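In: got a predicted model here, sequence first, then my questions.
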Amino acid sequence: MAGSTPASLTAERPAPAGVAAAVVPRKKARFSPGQEAWRRFRRHKLAMASSVILGLVVLAVLLGPLFWQVPINEIDFASKLDGPSWAHPLGTDDLGQDILARLLYGGRISLAVGFCAMMVAAVVGVLVGAIAGMSRGGVDATLMWLADLFLSLPQLPLLLLISYLFRDALTKILGTQGGIFIMIVVVIGGLRWMQVARLVRAQILSIREKEFIEAARALGASSFRQVVRHILPNALGPVIVAGTIDVAAAIIAESTLSFLGLGFPPDIPTWGRVLFDAKDTMDIAPHWALFSGGAIFIAVLTINFIGDGLRDAFDPRRVL
């Protein structure tokens with residue numbers, strides 16, 4: 001109608017005939033860094049499958065003894081070295097003890113050693129790497145020299161030597177199981193922090209020159225606040241990846257010590273100890289070694305695949 005005004009000055013007018021309507025671009029979905037890392041991790045099929053398998057293994061060792069309530073030290077010479085059966089799904093050992101019950105019990109210790117040793121290595125490595133990365137001159141050089149010194153030490157002979165020297169003293173103070181557990185965790189974690197420290201130092205040397213760190217420094221943020229609030233959250237990706245590798249290495253190290261007879265005693269059936277006990281009967285009872293060695297193999301393999309998936313998820317240069 002003549003003289004009338006549109007309901008809104010910003011109302012859209014109909015496009016003239018013959019003129020194509022403009023295509024309004026859609027807004028792209030935004031992802032947080034955590035969501036983007038999860039999206040990338042989900043695309044790694046082996047990592048996702050390994051996460052499911054490792055989760056089932058953890059649930060089995062945590063909840064399995066509640067359903068399979070066979071005593072781990074129950075001796076039955078009438079059924080010694082029996083193969084898998086309904087009564088003993090994984091067979092029995094040379095004393096007639098149920099292998100499934102012993103592996104479920106020992107899995108708690110083996111996995112606990114792996115994760116606790118990883119935590120020790122991560123805490124020490126992040127602390128040393130952060131101090132070295134934010135320091136200049138002598139402090140940085142001294143800490144990196146210390147890391148290089150530990151890297152040059154032969155780990156297995158050193159593990160055997162420390163276990164031989166301090167095992168009896170710790171068992172008298174903390175008990176057999178507690179003393180050996182703490183000794184193995186501290187020794188393995190104390191020999192795995194160097195890689196984490198070098199990774200954290202390299203990340204800090206790169207991140208501390210970024211613009212947002214310069215802005216925080218210009219606003220008066222202390223070095224401690226710069227590291228805790230801005231640098232470390234952006235440097236945790238490689239640390240998480242290194243941590244998964246340390247878990248697998250710690251499980252293998254504990255199994256090696258138990259296999260050599262310097263880990264947990266025979267009445268504490270860790271996976272390595274069960275494999276050590278099975279070495280003399282592999283020709284007549286191969287199931288004993290196969291199941292214990294298979295448990296170690298599955299745990300280490302799945303953890304390594306998870307670490308591979310995390311590496312791809314936290315690598316910004318990969319397009320997934």
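Out: That came through, no problem.
In: excluding sequence neighbours, find me the nearest residue to Leu54.
Out: On the basis of CB to CB, 6 or more residues apart in numbering, the spatially nearest residue to Leu54 that is not a chain neighbour turns out to be Thr302, at 4.2 Å. All C-beta spots, glycine's among them, are computed from the backbone N, C-alpha and C.
In: quick one: residues contacting that neighbour.
Out: Ser50, Ser51, Ile53, Leu54, Val57 (CB atoms under 8 Å, 6 or more residues apart in numbering).
In: counting neighbours, which of those comes out on top?
Out: Top of these by neighbour number is Ser50, holding 21 neighbours under the definition other CB atoms under 10 Å.
In: so that residue makes contact with Phe305?
Out: Yes. At 3.8 Å, Ser50 counts as touching Phe305 under the criterion of CB atoms under 8 Å.
In: need phi/psi at Lys80.
Out: With angles defined as degrees, to the nearest 10, Lys80 shows backbone torsions of phi -70, psi 140.
In: among the contacts of Thr302, which lie within strands?
Out: By the criterion of DSSP state E, membership of the contacts of Thr302 in strands covers no residue at all.
In: reformat those as a markdown table; add distance to Leu63 and pLDDT.
Out: Below are the contacts of Thr302 laid out as a markdown table (distance: CB to CB, whole Å; pLDDT from 0 to 100):
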| residue | distance to Leu63 | pLDDT |
| --- | --- | --- |
| Ser50 | 20 | 91 |
| Ser51 | 18 | 91 |
| Ile53 | 16 | 93 |
| Leu54 | 15 | 91 |
| Val57 | 11 | 91 |
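In: tell me the one among those nearest to His88.
Out: Top of the list for closeness to His88, among these and by CB to CB, is Val57 at 19.9 Å.
In: got a list of what the closest one touches?
Out: Gly107, Leu111, Ala295, Ile298, Ala299, Thr302.
In: out of those, which are buried?
Out: Those of the contacts of Val57 that meet the buried threshold are Gly107, Leu111, Ala295, Ala299, Thr302, by 16 or more other CB atoms under 10 Å.
In: which one of these is nearest Ala249?
Out: Distances from Ala249 to the buried ones among the contacts of Val57, taken as CB to CB, are shortest for Ala299 (11.9 Å).
In: wasn't that closest one part of a strand?
Out: No. Using DSSP: H, G, I helix; E, B strand; the rest coil, the assignment for Ala299 is helix, not a strand.
In: and it, what's its pLDDT?
Out: pLDDT for Ala299: 88.
In: quick check: it vs Ala253, distance?
Out: Counting by CB to CB, to the nearest Å, the separation of Ala299 from Ala253 is 13 Å.
In: ok, the contacts of Val57 vs Gly138, which is closest?
Out: Nearest to Gly138 among those is Leu111, at 40.7 Å by CB to CB.
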